[in-house]
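Q: kindly generate the corresponding structure for this input.
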Amino acid sequence: MGFQCDCYQITEAAQNRDYFGFPEHEREVRKGRNACYSGVRTFWSGTLDSPRTDPMKSLAAPLGALLLAALLAGCSHAPSPSKAASSVEAAAARREQAMQQARAAAQAAASDRQELAGIPLPSKTVYTAIHTRQSWNNPFLIVSKSTVNLSMLYPPMGPPAPGDSVLRLTAARRRVLDLRLADLSEALTALPPEAWPYGRVIAVEEDPNAPPSDGPAVRRNVEATMQTLSDLGVVVYEWQPTR
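A: Sure, this is the predicted structure:
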């Protein structure tokens, strides 16, 4: 005669209970517990109903008791409805924060694009006629694996002093900044209109001093830089190392 574990017996009515009256997180917890208890009952009944003629089967009862304790411990560690609700709320808060950050980034990009819209569009015949770095007067970017190097030429502050050469004056007006890509938009919008003599175009070059092993990472950063400039409405002029 089989042994019946009345403590954990689950009726057909309990197994087919309508869970839709509960919140989703509590419904899942209840289903998990009932499935766990059902497995315990099935295992316990099968263990104690088996014949005892085989000596190995005499170990079935103590082994069954140990496994029963382990299964019940697993059932007892099922997440409570309050913890499940907290997890759902935390996930919703993270999604809302991510959406807010995305909206803020989109608004900032639109604002930066609007500021740069005051710079006229470039004439391709003008900037493609320049073949040396020393002759390039618009902003210039050198892109490395993780940063961008922005070189810009500020307008002269006053009339040249006697004896000053053109190269010396140009060097005094040039500024160079190492930036994160995330800060590039803010740096470009801070430039005065006089820093864009060719119009809204910027030269972009891959870091010529980068080791070959950094090549793929540099190229990915170049592509990301070009996308940022395109979003700002800035024309990209890919500078070739031979220039």
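Q: Y237 reaches Y127, doesn't it?
A: Yes. Taking CB atoms under 8 Å as the contact criterion, Y237 and Y127 are neighbours in contact, 5.9 Å apart. Every residue, glycine included, has its C-beta placed from N, CA and C.
Q: quickly list what's touching both of those two.
A: Listed contacts common to Y237 and Y127 are V201, A203; contacts here mean CB atoms under 8 Å, 6 or more residues apart in numbering.
Q: which elements pack onto the lengthiest helix in the chain?
A: In terms of residue count, the longest helix belonging to the chain (DSSP state H) is helix 81-116. Applying 3 or more CB pairs under 8 Å, 6 or more residues apart in numbering; DSSP states H and E, we find helix 81-116 packed against helix 24-48, helix 184-189.
Q: after it, which helix or strand is next?
A: Remark: after helix 81-116, the chain's next helix or strand is helix 124-127, criterion DSSP states H and E.
Q: which neighbouring elements make contact with whatever helix or strand comes next after that following helix?
A: Next in sequence after helix 124-127, counting helices and strands by DSSP H and E, comes strand 140-143. With contacts defined as 3+ CB pairs under 8 Å, 6+ apart, the secondary structure elements packing on strand 140-143 are strand 148-153, strand 201-206, helix 215-231.
Q: tabulate these (CSV), appending mean pLDDT, mean neighbour count and distance to L141.
A: Formatted as CSV, the helices and strands packed on strand 140-143 follow (pLDDT from 0 to 100; neighbours: other CB atoms under 10 Å; distance: least, CB to CB, whole Å):
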stretch, mean pLDDT, mean neighbour count, distance to L141
strand 148-153, 93, 19, 5
strand 201-206, 96, 21, 5
helix 215-231, 95, 15, 7
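Q: any chance of those in a markdown table, with distance to S87 too?
A: A markdown table is the format used below for these (distance: least, CB to CB, whole Å):
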| stretch | distance to S87 |
| --- | --- |
| strand 148-153 | 40 |
| strand 201-206 | 45 |
| helix 215-231 | 34 |
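Q: that's all I had, so thanks and see you.
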